[in-house]
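# would you be able to build a 3D model of this:
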Amino acid sequence: MKRLFFILLLFVLSIGLIACSTTKPEDNNNDNDNGNLIDDENDRDNDNEDEEEDADPTDEELLHERILEIMASLSIEEKLGQLFIVGFPGKTVPNSLSNTIKEKRFGNFIYFEDNVEKNLGVAAMSNQIQDLVLDEVGIPAFIAMDHEGGMVVRFTENATHFIGNMGLAATGNALNAYNVGKYSGMELRHYGVNLNFAPVMDVNNNPQNPVIGVRSFSDDPEVVSSYGINLIKGYSEANVLTTAKHFPGHGDTVVDSHYGLPKINHNKERLYEIELAPFIDAINAGVDSIMSAHIIFSAFDNELPATLSYKVLTELLREELGFGGLIITDEMRMQAIRDNFGVAEAGIMALKAGADMLLYAESTSTSVEAYNGVLNAIKAGEISEARIDESVYRVIKTKIKYGLFEDNQAKLNLDSEKFNEHYEFNRNLVESSITLAKGNVDWFNKEKSTLLISTKATRHPLLPGYSINTDANSFANVGKKYLDDEGATNVRSHVIGTSLKSSDINNIKNIAKNYEQVVIAVENVTSTQANLINELGKEVDNLVVVALRNPYDYLIYENINNYICTYGYFSDAVFSVFDLLLGKFEATGKLPVKVNGLN
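As a prediction, this is how the structure comes out:
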């Protein structure tokens, strides 16, 4: 009878916790509870009482009991701290953050580039954060990062700069995504990062999309699903939690939600066929978290962006699609939210809509403002503690699943041999992604006089000692050094700006007349850069145009016969272009998106 008594006791505890749940339970086979997570584990057939008394508790029951035990030890302030992911400045843990952890019980954190420059001390910083949080709350922290690969990475040195999503799809082998996830995950865990805000599951079907582009795998939902799910499985193998983003889909916008509030007016049939399809597949594959988009989807809610919409997060994602994992908001200080809703009010609205975790990455002070506002709303009864408990349950359950209570420490010694293996794998992968989308480059010869033209570097350092946004770090100057090292003797590099006058274009045309072959590379071409390229296309016989980011640049070109796509501006991609020009390999990459004139 002790077993029955304990079951009844758990029943009483659980009923109080689910009284005000925002979701309804549904059956789902992806090992995710999609409704009330603090459910009644004991609402079952008790006809055979003797058998119940003798049975050992199942793993699921033991997990449930463990989570309830942890939650019972937490104050409302500590519970709320589990629902925040906060950013902070600097490459060490500042005293202000330590004090805030003690005062507000923040339980999760995010790194950006300024936190991890050259990765020096990152492992020690991660361990310090874990020690602080464990001392104060007793629950290990999620340490998160936007580390998608390609154009969106945080670790740029002492780690592999893995290929981006569209580049991955260009290789034509979805298993490559699994290995990238596994290897990248191993490196993240080495530095103490256990939550990656990737993969992007948006279907990039709008060439004018200003924020997704090559961050997407493809404009084909099936391709997005295949590569995205393999990436998720790879990261899971490395014990890193992944986040499918940006639900319900950010692929068909012309407004960047960092700077404005986009609105998508497609009907539900279209959304289920295109935008939602990869997310549904990811849910069925068992993805553990999904990030919401700051976008209005009028088919579901004509007034509120998905992040703040009960109709989207609860009625659609939880109830209709059956997702039981963590719902994490996109950054809550992006202008789509900031310009239309208050800091605290947006946090309150997101939790009421069904979000589990609030991402305030911009500053600790903003996180504190939002935390105080949400806490006041709880105390005033605007948000019930049962609603908070529901999300805390999910957070703790996920931290247990990924073994963070047992292993949350970063590794202080770099495994150089393993990292070198990852680098070589990625180098070959990038090479196989390079796409000769039009024409041929068999005529290129290092013995010929060569003019290299490009814009300044705008992203990450390509060579040791060079800084971002310098002429020296440009495609043209990096390429000149590379060709010089290969024995070329007559190479000139020329760096251009994003805005060119007619006199600039004429000057470059006159320079180009003196060279036998010209290579020009741009990243997200501007109108005046396109004018230059179109003029060169008329007058230069041996011309190669390189798209350093979006292949869609081709749509505004004329008379371009030879076109190479790299899907990102980083060292391996740049070096692979010149290896292709020198005939060291044949381009096998295929465009994962439709571009008129190239498909």
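
# hang on, D114 in a strand?
No. When classified by DSSP: H, G, I helix; E, B strand; the rest coil, D114 is found to be helix rather than part of a strand.

# so which residues of the stretch 101-250 of the chain form helices?
Assigned by DSSP state H, counting those that start in this stretch, the helices in the stretch 101-250 of the chain fall at 122-136, 165-170, 175-190, 221-237.

# in JSON lines: those, plus mean neighbour count and mean pLDDT.
(Glycine included, C-beta is placed from N, CA and C.) JSON lines is the format used below for the helices of the stretch 101-250 of the chain (neighbours: other CB atoms under 10 Å; pLDDT from 0 to 100):
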{"stretch": "helix 122-136", "mean neighbour count": "19", "mean pLDDT": "95"}
{"stretch": "helix 165-170", "mean neighbour count": "32", "mean pLDDT": "98"}
{"stretch": "helix 175-190", "mean neighbour count": "23", "mean pLDDT": "97"}
{"stretch": "helix 221-237", "mean neighbour count": "24", "mean pLDDT": "98"}
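
# beta partners of I564?
Here I564 sits in beta bridges with L436, V546, going by DSSP bridges.

# looking at the helices of the stretch 101-250 of the chain, which is nearest to K399?
When the helices of the stretch 101-250 of the chain are compared by CB to CB, helix 122-136 sits nearest K399, at 11.0 Å.

# what's the angle between the closest one and helix 175-190?
Helix 122-136 runs at 60 degrees relative to helix 175-190, counting by axes from the mean of the first three to the mean of the last three CA atoms, to 10 degrees.

# just the CA atoms of helix 122-136, as CSV, please.
Provided in CSV are the C-alpha atoms of helix 122-136 (Å, rounded to 0.1, in the frame of the first residue of the first chain):
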residue,chain,number,x,y,z
VAL,A,122,35.9,30.9,-22.6
ALA,A,123,36.1,27.5,-21.0
ALA,A,124,37.1,29.0,-17.7
MET,A,125,34.4,31.6,-18.0
SER,A,126,31.8,28.9,-18.7
ASN,A,127,32.9,26.9,-15.6
GLN,A,128,32.8,30.1,-13.5
ILE,A,129,29.2,30.7,-14.6
GLN,A,130,28.2,27.2,-13.8
ASP,A,131,29.8,27.3,-10.4
LEU,A,132,28.0,30.6,-9.6
VAL,A,133,24.6,29.4,-10.7
LEU,A,134,25.0,26.0,-9.0
ASP,A,135,26.0,27.7,-5.7
GLU,A,136,23.0,30.1,-5.8
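
# contacts for that helix next, please.
Here helix 122-136 makes contact (CB atoms under 8 Å, 6 or more residues apart in numbering) with 91-93, 98, 101-102, 105-107, 109, 111, 115-116, 139-141, 143, 190-193, 408-412.

# follow-up on the earlier one: want to throw the helices of the stretch 101-250 of the chain into TSV with distance to Y371?
TSV is the format used below for the helices of the stretch 101-250 of the chain (distance: least, CB to CB, whole Å):
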stretch	distance to Y371
helix 122-136	14
helix 165-170	33
helix 175-190	27
helix 221-237	29
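
# span of stretch 251-264 from start to end?
End-to-end distance for stretch 251-264: 10 Å, by CA to CA, to the nearest Å.

# that one: how far from the chain's middle?
Its chain's C-alpha centre and that of stretch 251-264 lie 17 Å apart, by CA atoms, centre = their mean, to the nearest Å.

# what's the answer for stretch 477-489, then?
That offset, for stretch 477-489, works out to 34 Å (CA atoms, centre = their mean).

# name the residues of it that are buried.
Across stretch 477-489, burial judged by 16 or more other CB atoms under 10 Å covers 477-480, 482-483, 488.

# now do stretch 430-441
430-438, 441.

# list of residues touching it?
Here stretch 430-441 has contacts from 163, 167-168, 170-171, 544, 551, 554, 560-567, 572-573, 576-577, 579-581, 585, 587-591, 595, 597-598, using CB under 8 Å, 6+ apart.

# mind checking which of those land in strands?
When the contacts of stretch 430-441 are checked against strands (DSSP state E), the matches are 544, 563-565.

# for this structure, which spans come out with low pLDDT?
Scanning the chain for pLDDT under 70 picks out the ranges 1-54, 255-257, 259, 457-472, 599.

# mind checking which of the contacts of stretch 430-441 are buried?
So, by 16+ other CB under 10 Å, the buried ones in those are 163, 167-168, 170-171, 544, 551, 554, 560, 562-567, 572-573, 576-577, 580-581, 587, 589, 591, 595, 598.

# could you export the helix or strand containing E60 as CSV, CA atoms only?
In this assignment (DSSP states H and E), E60 forms part of helix 59-72. Output of helix 59-72 as CSV, limited to C-alpha atoms (Å, rounded to 0.1, in the frame of the first residue of the first chain):
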residue,chain,number,x,y,z
ASP,A,59,12.0,5.7,-15.6
GLU,A,60,9.4,8.3,-16.6
GLU,A,61,7.9,8.2,-13.1
LEU,A,62,11.3,8.6,-11.5
LEU,A,63,12.1,11.5,-13.8
HIS,A,64,8.8,13.2,-12.9
GLU,A,65,9.5,12.7,-9.2
ARG,A,66,13.0,14.1,-9.6
ILE,A,67,11.7,17.2,-11.4
LEU,A,68,9.0,17.8,-8.8
GLU,A,69,11.6,17.4,-6.0
ILE,A,70,13.9,20.0,-7.6
MET,A,71,11.0,22.4,-8.2
ALA,A,72,9.8,22.1,-4.6
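
# check which residues of the host helix or strand of A377 are buried.
In this assignment (DSSP H and E), A377 forms part of helix 364-379. Going by neighbour count (16+ other CB under 10 Å), the buried part of helix 364-379 is 364, 366-371, 373-375, 377-378.

# distance from the chain centre to stretch 295-310, please.
For stretch 295-310, the distance to the chain centre is 22 Å (CA atoms, centre = their mean).

# which of the contacts of helix 122-136 are buried?
Buried among the contacts of helix 122-136 by 16+ other CB under 10 Å: 91, 93, 101, 105-107, 109, 111, 115-116, 139-141, 143, 190-193, 408, 410.

# domain assignment for this protein?
Domain assignment for the chain by automatic domain parsing gives 63-401, 434-581.

# any chance of those in JSON lines, with distance to N420 too?
Listed next are the domains of the chain as JSON lines, based on distance: least, CB to CB, whole Å:
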{"stretch": "domain 63-401", "distance to N420": "9"}
{"stretch": "domain 434-581", "distance to N420": "14"}
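
# ok, and which of those domains has the densest surroundings?
Greatest average neighbour count among those goes to domain 63-401 (a mean of 21), per mean count of other CB atoms under 10 Å.
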